[in-house]
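K.L.:
just coords:
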């Protein structure tokens, strides 16, 4: 990259170099940035570039170096492998299952909590506490709850008059739903807290004015809260989609990708290809493809947000 | 973060100054509030059930727990057997040690390095600052989990696999921490450091003796969030640590389920022991954790 040329102290008639304090600042600024910069280049930007490079080679864990040049062969292989597409589909499926409830329910709970005069700490504890639990803990709890026929889930189903089936996680049709339910319980608190913070920014007098004009709570929510929280919503939506696309822990711990490969997700395919098949180059190609999907979604959101902001003013 | 606390401070006198009963409140507002309260309480209880059920199971005898949820709910002969067995084993203490060491060192390095970088970006005018900001925004976009394969290769090449450093180093460049610090530093008035500068203080001194002491709330928030993040990370330690003596809690727990078979009480006790330090941390630092989350979120 161009970083090396930029570390060279400024010369000539630069705007900054003209001022003696600015010159001193430049030197100490780079010294302040250096420790973080080293880690940033070594463990974030460097690996990103290296991942792109490896994706064009037959890199393997059993040999040193990059291996032979492969061109686009790794990409061609991934794009024609059915399990690559199914893992990508499972990742999207998980994102589709989790994103709408995690945004809508978090919004509803936050709006309701904000109306409460007493014991707000209790709701915050109930909804936010699961978020700080390790994925290993939530997986152990939910696998146990989903135990076929004797688990808490089966008990609840019986109480509701349903017939408990063979177990949520052991059927290819419902395993991903089970993972989504555990995730909903686990991560709702994050969005909930973001919405609570957003709600505090809405001036109280807006509601008071609306109440004086005779607006019902529903009207207040639809005409004040929802539009005033639109910025928070776009943010929550983006963070949620990106987090869901990177799903690994719950699947690895709850189903191991099974039954069969019915819940195998992209990150699992990537780590499997790299660490079980020892095919780092091919895994890198799959990583790059997932990376591109995530970046495209982030950029599309950014553009949509800009467009929406321009419309406002 | 400051904005949140300031707002809370200013909003409370306003609400207390408002008349206790507003004159034109619509009739159905009361009904709405009651329905809202009921809905909220029902769901809060539902949200607590999985944790409480796990806690109850962990306090039940393994034999009783194996017969199913009904037995667990009905049996009230509580026992600490599972906890004492688990804590009696050295494995879990190894896991605790590994998690504590990696979480503390990562948190210290992240706070120090991120705050230094943020100080430069917020307080110093320098050539290339726009490029640094651009790289940092780029860093936010990079999904770190996707980098597991090249990071593994790099650690292998550096001969760091199966050391605590392999868990610590990749988690130090938390770009979001730089953003949280920069946002906070931007709000500190310039006059404070100008006075120190006139007295001839160096940049380092201004950072260490003027800016950092003022930043305690944000330091606490970033420390705790980093600590929790490293403690809970599964993906990285799963692949870079294969020595059982070095395994962190999530990796160790991932191996529990298979080896413990039908000992459900032991499994749930393990799940709770893994989360216990974080739950204690949450109860002590509730405010910092919540504000840290909103601070990181609002800058996304």
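P.N.:
Ah, there it is. Please read all numbers here as calculations on a predicted model, not as lab measurements.

K.L.:
what separates residue B:210 from residue B:203, distance-wise?
P.N.:
As judged by CB to CB, to the nearest Å, residue B:210 and residue B:203 stand 10 Å apart. C-beta coordinates here come from the backbone N, C-alpha and C atoms, glycine included.

K.L.:
same question but for residue A:58, I mixed them up
P.N.:
Taken as CB to CB, the span from residue A:58 to residue B:203 is 49 Å.

K.L.:
Look at the two and report which has more neighbours.
P.N.:
Using other CB atoms under 10 Å in any protein chain shown as the criterion, residue A:58 and residue B:203 rank with residue B:203 on top: 20 against 17.

K.L.:
In contact with that one, which residues?
P.N.:
A:25, A:28, A:32, B:124 (CB atoms under 8 Å, 6 or more residues apart in numbering or on different chains).

K.L.:
what sits against the first one?
P.N.:
Spelled out, it's residue A:25. So residue A:25 contacts B:124, B:125, B:126, B:203 (CB under 8 Å, 6+ apart).

K.L.:
Residues in contact with stretch A:297-306: which ones?
P.N.:
Taking CB under 8 Å, 6+ apart as the rule, stretch A:297-306 contacts A:234, A:237, A:238, A:241, A:242, A:245, B:141.

K.L.:
let's see it at 7 Å
P.N.:
For stretch A:297-306, the external contacting residues (CB atoms under 7 Å, 6 or more residues apart in numbering or on different chains) are A:234, A:238, A:241, A:242, B:141.

K.L.:
Same check on stretch A:175-187?
P.N.:
A:90, A:93-94, A:97-98, A:101-102, A:130-131, A:133, A:138, A:142, A:146, A:168-169, A:250-251, A:254-255, A:259, A:262-263, B:47, B:50.

K.L.:
among those, which are in helices?
P.N.:
A:90, A:93-94, A:97-98, A:101-102, A:138, A:142, A:250-251, A:254, B:47, B:50 (DSSP state H).

K.L.:
Quick one: mean pLDDT for stretch B:44-54?
P.N.:
Stretch B:44-54 shows a mean pLDDT of 93.

K.L.:
typo on my end, stretch B:266-275
P.N.:
90.

K.L.:
Ok, stretch B:102-119 next?
P.N.:
pLDDT averaged over stretch B:102-119 gives 96.

K.L.:
Can you mark which positions in it are buried?
P.N.:
For stretch B:102-119, burial by neighbour count (16 or more other CB atoms under 10 Å in any protein chain shown) applies to B:102-107, B:109-111, B:113-119.

K.L.:
Repeat that for stretch A:251-265.
P.N.:
Taking 16+ other CB under 10 Å as the criterion, stretch A:251-265 shows A:251, A:252, A:253, A:254, A:255, A:257, A:261, A:262, A:263, A:264, A:265 as buried.

K.L.:
now it, how far from the centre of its chain.
P.N.:
Distance of stretch A:251-265 from its chain centroid, counting by CA atoms, centre = their mean, to the nearest Å, is 19 Å.

K.L.:
Show the contacting residues for whatever residue of chain A ends up closest to chain B.
P.N.:
In chain A, the residue found nearest to chain B is residue A:150; the distance is 3.0 Å by CB to the nearest CB. Each residue near residue A:150 by CB under 7 Å, 6+ apart is listed here: B:67, B:68, B:69.

K.L.:
between the contacts of residue B:203, which is closest to residue A:288?
P.N.:
residue A:32 (33.1 Å; CB to CB).

K.L.:
where in the chain is pLDDT low?
P.N.:
If you meant another chain, say so; for now it's chain A. Low-confidence segments of chain A (pLDDT under 70): A:1-23, A:164, A:311-313.

K.L.:
sorry, should have said chain B
P.N.:
In chain B, residues with pLDDT under 70: B:1-28, B:257-259, B:296-300.

K.L.:
Write out the residues of the stretch 51-200 of chain B neighbouring chain A.
P.N.:
Residues of the stretch 51-200 of chain B lying close to chain A by CB under 7 Å from any CB of the partner chain are B:51, B:53-54, B:57, B:67-70, B:113-114, B:116-117, B:119-120, B:124-128, B:131-132, B:139, B:141-143, B:145-151, B:153-154, B:169-170, B:172-173, B:178.

K.L.:
my read: residue A:228 touches residue A:202, true?
P.N.:
Yes. Assessed by CB atoms under 7 Å, residue A:228 is found in contact with residue A:202 at 4.8 Å.

K.L.:
Phi and psi next, for residue B:68.
P.N.:
Main-chain dihedrals, residue B:68, degrees, to the nearest 10: phi 130, psi 180.

K.L.:
Count the neighbours of residue B:78 for me.
P.N.:
Other residues near residue B:78 come to 11 when the count uses other CB under 10 Å.

K.L.:
Nearest spatial neighbour of it, chain-adjacent residues omitted?
P.N.:
residue B:59 (4.4 Å; CB to CB, 6 or more residues apart in numbering or on different chains).

K.L.:
In this structure the one you found contacts residue B:79, no?
P.N.:
Yes. Counting by CB under 7 Å, residue B:79 is a contact partner of residue B:59 at 6.4 Å.

K.L.:
The residue nearest the centre of chain A: helix or strand, and which one exactly?
P.N.:
Nearest to the mean C-alpha position of chain A, by CA atoms, centre = their mean, lies residue A:243 at 0.9 Å. Following DSSP states H and E, one finds residue A:243 within helix A:230-245.
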